[in-house]
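> Make a model of this:
(one chain, ligands or ions: 2)
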Amino acid sequence: MPIIETVRAFHDDLTRFRRDIHAHPELGFEERRTSDLVAGKLAELGIEVHRGLGKTGVVGRLRVGNSPRAIGLRADIDCLPIQESNIFAHRSTHDGRMHACGHDGHTTMLLGAARYLAQTRNFDGTVHFIFQPAEEGRGGAEAMIRDGLFDEFPCDVIFGMHNRPGLAVGKFQIRDGAMMAGGAFFDIAITGKGAHGARPEVGIDPVLVASHITTALQSIVARNTRPVDTVVVSVTQIHAGDAYNVIPERAVLRGTVRCFSRNSMTLVEDRMRRIAEGVAAGLGATASLDFRYLFPPLVNHADETRFIADCAADVVGEDNVNRRGPLTMASEDFSYMLERVPGAYIQIGNGDGEGASEVHNPGYDFNDAAMPFGAALFARLVERRLARMRPDEAGAVPA
Ligand SMILES: [Zn+2]
Ligand SMILES: [Zn+2]
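Numbering: from 1, shown residues only. Ligands and ions are numbered 1, 2, ... in the order given. The predicted structure is shown next:
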């Protein structure tokens with residue numbers, strides 16, 4: 001029987017579980033109830049449970065047979081600080097907290113795969129079910145890695161999945177190489193010399209300096225990056241002064257950078273520092289840059305991209321798998337895991353009907369109809385990657 005048929009048998013249970021998590025969302029590193037629920041479910045299935053990695057992270061280990069091969073499957077468990085506007089029964093019961101990115105669905109799909117695999121055990125090797133906290137800009141992936149994720153639970157390959165509103169349920173999309181942008185935040189602190197607004201000759205105006213720096217920063221994308229590389233530099237805040245007749249002492253610029261390679265990010269940081277310091281110096285002020293690299297770009301590995309797309313085609317048919325999906329400027333911290341272990345990240349359709357809400361919107365909800373497809377894909381990855389070998393195949397590496 002195809003995996004998806006077996007998984008459909010517990011679709012109602014998965015839906016109940018997903019809606020329970022949706023109603024009780026928890027922010028990054030505060031996912032105590034969620035991680036208790038996940039750990040409880042894994043234990044119920046007879047899967048070895050490890051807790052405390054990245055504070056609220058959970059890892060389940062399921063070993064079948066004696067092959068040394070190991071695969072990692074990752075879901076994120078945190079919510080966002082958003083006030084939900086939905087009025088359905090499973091809406092958030094926590095004020096100002098909401099599963100607006102569908103991590104409730106990702107968690108449930110991975111538990112669905114765990115249930116299937118624990119029951120059928122049709123593989124030879126080890127599966128690590130990785131439930132990661134704090135994906136939404138709080139560094140959960142890095143925290144788990146720092147706590148020894150890949151030392152304690154070594155994986156030959158790792159796979160993750162994110163829902164995609166606007167893509168029909170039952171469809172997947174992925175692309176080889178860079179798929180999601182790397183992101184950084186920056187602050188530029190400018191110090192001039194305060195003076196009376198009517199006596200500029202005795203001061204150094206940081207507002208003028210901030211304006212020149214803001215303009216000059218736009219030369220980075222226009223003149224320093226290769227036209228075929230995608231880079232965004234946005235100054236999103238300018239703060240200075242509180243009076244009509246006072247030239248302030250200080251000004252601050254803040255903003256964000258997005259791009260698809262470490263090289264581009266380094267180039268932007270370097271140019272930004274030289275422009276800020278140089279322009280300020282030219283105008284008699286000083287400026288210092290604080291550049292914080294948040295996420296590396298998410299880069300899919302070629303072999304694993306082909307492999308997960310093939311597995312997705314096993315589940316939904318080749319016609320429903322787009323292997324040349326679009327680049328997105330959003331970021332995702334699974335990129336840290338992909339920097340350490342070969343793997344791939346795929347997008348699963350969350351529905352393209354009328355009223356389908358984007359992620360991070362107060363009206364968003366994960367689409368329960370997508371769950372069997374995601375759970376089946378996670379399970380299929382394991383059955384193919386850790387396929388049982390007949391004695392005559394010993395030593396052969398399965399595709
Ligand atoms: Zn998100
Ligand atoms: Zn997300």
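
> Let me see the ranges of the strands in the stretch 201-350 of the chain.
231-240, 246-247, 250-259, 286-295, 298-300, 321-322, 343-349 (DSSP state E, counting those that start in this stretch).

> Walk me through which strands the fifth one pairs with, and which way each runs.
Going back to what we said before, that points to strand 298-300. Strand partners for strand 298-300, identified by DSSP bridges, are recorded as strand 177-180 (antiparallel).

> tell me which residues in the partner strand are buried?
Within strand 177-180, the residues that count as buried by 16 or more other C-beta atoms under 10 Å are 178-180. All C-beta spots, glycine's among them, are computed from the backbone N, C-alpha and C.

> if we can go back for a sec, G54: which of the strands of the stretch 201-350 of the chain is closest?
Checking those against G54 by C-beta to C-beta gives strand 286-295 as the closest, at 15.4 Å.

> list the helices and strands the closest one packs on?
Packing partners of strand 286-295 (3 or more C-beta pairs under 8 Å, 6 or more residues apart in numbering; DSSP states H and E): strand 182-191, helix 262-282.

> Partner strands of the shortest one, with direction?
The reference is to strand 182-191. With DSSP bridges as the test, strand 182-191 is paired with strand 250-259 (antiparallel), strand 286-295 (antiparallel).

> could I get those strands as TSV with distance to I3 and mean pLDDT?
Below are those laid out as TSV (distance: least, C-beta to C-beta, whole Å; pLDDT from 0 to 100):
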stretch	distance to I3	mean pLDDT
strand 250-259	37	96
strand 286-295	32	95
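
> Please work out which of those is packed deepest.
Highest mean neighbour count among those (mean count of other C-beta atoms under 10 Å): strand 250-259, with a mean of 20.

> Would you mind measuring from the closest residue in space to T120 that isn't next to it in sequence to V315?
Leaving aside its chain neighbours, T120 sits nearest to T6 (7.2 Å; criterion: C-beta to C-beta, 6 or more residues apart in numbering). Noted for T6: a distance of 12 Å to V315, by C-beta to C-beta, to the nearest Å.

> So which of those two has more stuff around it?
Taking other C-beta atoms under 10 Å, T6 and V315 do not tie; V315 has more neighbours (24 against 17).

> From L14, how far off is the residue nearest to the more buried one when sequence neighbours are not counted?
Counting by C-beta to C-beta, 6+ apart, V315 lies nearest to A376, which is 4.8 Å off, once chain neighbours are set aside. Distance of A376 to L14, computed by C-beta to C-beta: 12 Å.
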